[in-house]
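Student: here is a sequence with its predicted model. Questions after.
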Amino acid sequence: MRFKGKMILVTGAASGIGKAIAHRFAEEGARVAIADMSLRAADATAASLAHGAFGIEVDVTASASIAAMVERACTVAGGIDVFVNNAGVFGMEPFLDITQQDYDRLFAVNVRGYFFAMQAVARKMVAAGRRGAIVNIASQAGRRGEAHSAIYAATKATAISLSQSAALALVGQGIRVNAIAPGVVDTPMWKSVDAMYARLDNTAIGEKTRQVRAAIPKGRLATAQEIAAAAAFLASDDAEYIVGQTLNVCGGNVLS
């Protein structure tokens, strides 16, 4: 119960990794605000949690929506102790086929939304004199280039850099910022990515998953719960001396 009495805000929390993170914090005693594009999905996830979890509708590409999310979380729960910056989108196109629209969509969510959500939460924490933690969800794609997802990889590399800068800017205010770089996680999103690879590489559905699994030293994909466990650790007092780091949770697929 490391988070008993704490208020946790998680974006993109109605499904996949975000949902697993919300469940992990609730299991450890936290009250969790489930922020998502779909209020219905957010409310459904919140209803499955204890400790007064509640849903919030948010579009991280809109500054007014981010502000409303943070304000509602603070109004309902009295403040934010931990923010998990998880909302993101994926894109995959051959390098020569990427359009400006593809580029703008990914950067709007994965960089602009990511930064301004983090900034809005940090401002509230600082104004309230509240020590806290921010955990940003990046990706192993941010550690290296990706032939079929160049823009996605670039956004996640930016996320890692922003996490480092935010950590240095906010540590003096009592706010710790760190990030997680998940590897391939066994979620519905990955199944859709596998199908994209099949289309682009003209291979069978499931072939990319087989290749990825064979390349991971651990021998399997990650579970969403394993990413959630890392998020809970980085947000906890057990990680008090960890600042500005990006933790690879990838079964040994990327070493740094």
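Tutor: Here it is on my side, so go on.

Student: where along the stretch 101-250 of the chain do the strands fall?
Tutor: 132-137, 175-182, 246-249 (DSSP state E, counting those that start in this stretch).

Student: could you export the longest one as PDB, CA atoms only?
Tutor: The C-alpha trace of strand 175-182 is given here as PDB (Å, rounded to 0.1, in the frame of the first residue of the first chain):
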ATOM      1  CA  ILE A 175       9.200  16.900  -8.200                       C
ATOM      2  CA  ARG A 176      11.000  13.800  -9.500                       C
ATOM      3  CA  VAL A 177      10.600  13.100 -13.200                       C
ATOM      4  CA  ASN A 178      11.600   9.800 -14.800                       C
ATOM      5  CA  ALA A 179      10.500   7.700 -17.900                       C
ATOM      6  CA  ILE A 180       9.900   4.200 -19.000                       C
ATOM      7  CA  ALA A 181      10.900   2.800 -22.300                       C
ATOM      8  CA  PRO A 182       8.800  -0.300 -22.800                       C
END
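
Student: just the angle between it and strand 132-137, please?
Tutor: For strand 175-182 against strand 132-137, the angle between stretch directions is 20 degrees (axes from the mean of the first three to the mean of the last three CA atoms, to 10 degrees).

Student: pLDDT-wise, which helix or strand of this structure ranks last?
Tutor: Every helix and strand in the chain was compared by mean pLDDT, DSSP states H and E; the lowest is helix 188-201, with a mean of 94.

Student: low-scoring stretches of the stretch 151-256 of the chain, by residue?
Tutor: Across the stretch 151-256 of the chain, not a single residue meets the criterion (pLDDT under 70).

Student: what residues are up against Ala159?
Tutor: For Ala159, the contact set (CB atoms under 8 Å, 6 or more residues apart in numbering) comprises 110-111, 114, 136-139, 142, 179. Using the backbone N, CA and C atoms, a C-beta is placed for each residue, glycine as well.

Student: export these to CSV and append columns for distance to Leu234 and neighbour count.
Tutor: Putting the contacts of Ala159 into CSV (distance: CB to CB, whole Å; neighbours: other CB atoms under 10 Å) gives the following:
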residue, distance to Leu234, neighbour count
Asn110, 20, 26
Val111, 21, 19
Tyr114, 16, 27
Asn136, 10, 26
Ile137, 11, 26
Ala138, 12, 27
Ser139, 16, 28
Gly142, 16, 23
Ala179, 8, 27
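
Student: dump those residues to JSON lines, plus distance to Val249.
Tutor: As requested, those are exported to JSON lines (distance: CB to CB, whole Å):
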{"residue": "Asn110", "distance to Val249": "18"}
{"residue": "Val111", "distance to Val249": "21"}
{"residue": "Tyr114", "distance to Val249": "18"}
{"residue": "Asn136", "distance to Val249": "13"}
{"residue": "Ile137", "distance to Val249": "10"}
{"residue": "Ala138", "distance to Val249": "10"}
{"residue": "Ser139", "distance to Val249": "10"}
{"residue": "Gly142", "distance to Val249": "13"}
{"residue": "Ala179", "distance to Val249": "11"}
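
Student: ok, so of the residues you listed, who is nearest Asp43?
Tutor: Minimum separation from Asp43 among those (CB to CB) is found for Ile137, which lies at 22.0 Å.

Student: ok, the residue lying farthest from the centre of the chain to Leu106 distance?
Tutor: Taking CA atoms, centre = their mean as the measure, the residue most remote from the mean C-alpha position of the chain is Asn202, 30.5 Å away. Taking CB to CB, to the nearest Å as the measure, Asn202 falls 24 Å from Leu106.

Student: ok, the residue nearest to Lys218 when sequence neighbours are not counted - contacts?
Tutor: By the measure of CB to CB, 6 or more residues apart in numbering, the closest residue to Lys218 outside its immediate chain neighbours is Gly251, 3.1 Å from it. Applying CB under 8 Å, 6+ apart, we find Gly251 in contact with 183, 216-222.

Student: now do the contacts for Lys124.
Tutor: Contacts of Lys124 were listed using CB under 8 Å, 6+ apart, and they are 70, 74, 79-80, 130.

Student: now intersect those residues with the strands, please.
Tutor: Cross-referencing the contacts of Lys124 against strands under DSSP state E gives no overlap.
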